[in-house]
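S.K.: got a sequence here, can you model it:
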Amino acid sequence: MERYEGHPELALRFARQRGLITRRQALDTGMSGPLVDGLVRMGRWVPVRRGVYMRADVWEALDPYDGRPRARARAAHLTMRAAHVLSHESAAREVGLAILAPDEEIIHVTRHGVSGGRLEHGVKHHLAPYQSDQVVVIEGVPVLKAARTAVDMAREHGYVHGTVACDAARQLGVRLSELWEAVAPMTCWPEVTVVRASIQDSDPGAESVGETLGRMLLREIGLGPIQTQFELRDHTGWARCDMRIGRHLVEFDGFKKYLRQERGGLAVVDPDEVVWHEKQREDWLRGYRLGMSRLVWADYWGARRELAKERVRREYEATRAAYGTDISDLAHLIVRRSA
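M.R.: I've put the predicted structure just below:
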């Protein structure tokens, strides 16, 4: 391989295709089949998909939940001859749409057709119409835009995945009207009613998948109305919370909040400082006669979900008994968010 280091065509392919190269492209640079096979055998190249490779160091650096699925989808794109666009979760990863990933990783492509689809070699081919203005090309890869992708997620995976995707699309700046425009041609398509429910219940204030799932949990308890991104400010400071019902606040605590940026998290200071600031912030809010519940990812699944619902209901009722539900006394402190 050392003889091919610095080969301009090889470097160009890797650069243009996010570290990927097909076997045919490698052979076109003058490399032999046995050399390519040897690189794979020695662990220098990783087969991302049959006939598509990536340097091992590049592959190892990819996030297993986002980077690697994205690479596998791009590898499938490089080997497909039929005209297509990446869609569903494969498109979501390309356009930066936060999603609740399905349990099974499948690559999705959409091709022009009336309806239907099939699954072949880990790739689901959706035969469905789409408009040219619903497509964006990202580094040479045609991808369905966020609005169409969000409604496709709802139709393919159901209400929960769909609402997460619609929330995320609106966080990216997609207007509610664009989501309705995306579903408009699907009048007689399967599961279109699920799509409409996800759009109807979407909220642009959900800043993460966990916040969307938290809002669903609150609605399941029967609490509402729910205000997202509730923010207070006075001369001593300010704080914004994920959700508010009456005088009760609900925060979703994702693990990344406490993980330093160099390890893939969001924290720019040490985790103990993050926890200390969180406590000060909560004390400041409670000083305004507000209650609070905190949720973590594990609260959304299995038997723990019922326990979380019971706890949040109990905490909400304690807040209501102590302070009521009216927040008119805080009107002069509330920061109004632009629509």
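S.K.: and the most centrally placed residue in the chain, helix, strand or coil?
M.R.: In the chain, the centroid-proximal residue (CA atoms, centre = their mean) is Ala98; its distance is 1.3 Å. State at Ala98, reduced to three classes by DSSP: H, G, I helix; E, B strand; the rest coil: coil.
S.K.: ok, and the closest non-adjacent residue to it?
M.R.: Of all residues not flanking Ala98 in the chain, Ala168 sits nearest, at 4.1 Å (CB to CB, 6 or more residues apart in numbering). Using the backbone N, CA and C atoms, a C-beta is placed for each residue, glycine as well.
S.K.: one step back: and the residue nearest to the centre of the chain, what does it touch?
M.R.: Applying CB atoms under 8 Å, 6 or more residues apart in numbering, we find Ala98 in contact with 92, 164, 168, 171, 208-209.
S.K.: for it, what are phi and psi?
M.R.: For Ala98, the backbone dihedrals are phi -70, psi 130 (criterion: degrees, to the nearest 10).
S.K.: how about the strands in the stretch 151-300 of the chain?
M.R.: Under the criterion DSSP state E, counting those that start in this stretch, strands of the stretch 151-300 of the chain are mapped to 227-234, 237-245, 248-252, 291-295.
S.K.: and the ones you listed, which is most packed in?
M.R.: Ranked by mean neighbour count, the strands of the stretch 151-300 of the chain are led by strand 248-252 with a mean of 24 (mean count of other CB atoms under 10 Å).
S.K.: show residues contacting that strand.
M.R.: Here strand 248-252 has contacts from 208, 210-211, 213-214, 218, 230, 241-244, 285, 290-296, 312, 315-316, 319-320, using CB under 8 Å, 6+ apart.
S.K.: then stretch 18-26?
M.R.: 9-10, 13-14, 33, 36, 48, 51-55, 58-59, 70-71, 74-75, 78-79, 139.
S.K.: same check, this time on stretch 169-180
M.R.: Contacts of stretch 169-180 (CB under 8 Å, 6+ apart): 95-98, 146-147, 149-151, 166, 199, 202-204, 206-207.
S.K.: mind checking the end-to-end distance for that stretch?
M.R.: Start-to-end span of stretch 169-180 (CA to CA, to the nearest Å) is 12 Å.
S.K.: what comes up buried for it?
M.R.: Across stretch 169-180, burial judged by 16 or more other CB atoms under 10 Å covers 169-172, 174, 178-179.
S.K.: so which of the contacts of Ala98 wins on neighbours?
M.R.: Of all these, the highest neighbour tally under other CB atoms under 10 Å goes to Val164, namely 30 neighbours.
S.K.: what about the helices in the protein?
M.R.: Taking DSSP state H to define them, one finds helices in the chain at 8-16, 23-28, 33-41, 56-61, 67-79, 88-95, 146-157, 159-171, 176-183, 192-200, 209-221, 271-286, 302-323.
S.K.: nearest to Glu120, of the ones you listed?
M.R.: helix 67-79 (10.1 Å; CB to CB).
S.K.: quick check: domain ranges of the chain?
M.R.: 2-61, 67-200, 209-330 (automatic domain parsing).
S.K.: enumerate every residue touching Ile221.
M.R.: 309, 312-313, 316.
S.K.: show the buried residues in those.
M.R.: By 16+ other CB under 10 Å, the contacts of Ile221 give 309, 312, 316 as buried.
S.K.: how about the closest residue to the last one other than its chain neighbours: which residues does it bridge to?
M.R.: Using CB to CB, 6+ apart and skipping the chain neighbours, the partner closest in space to Tyr316 is His248 (4.7 Å). Here His248 sits in beta bridges with Ile245, Gly291, going by DSSP bridges.
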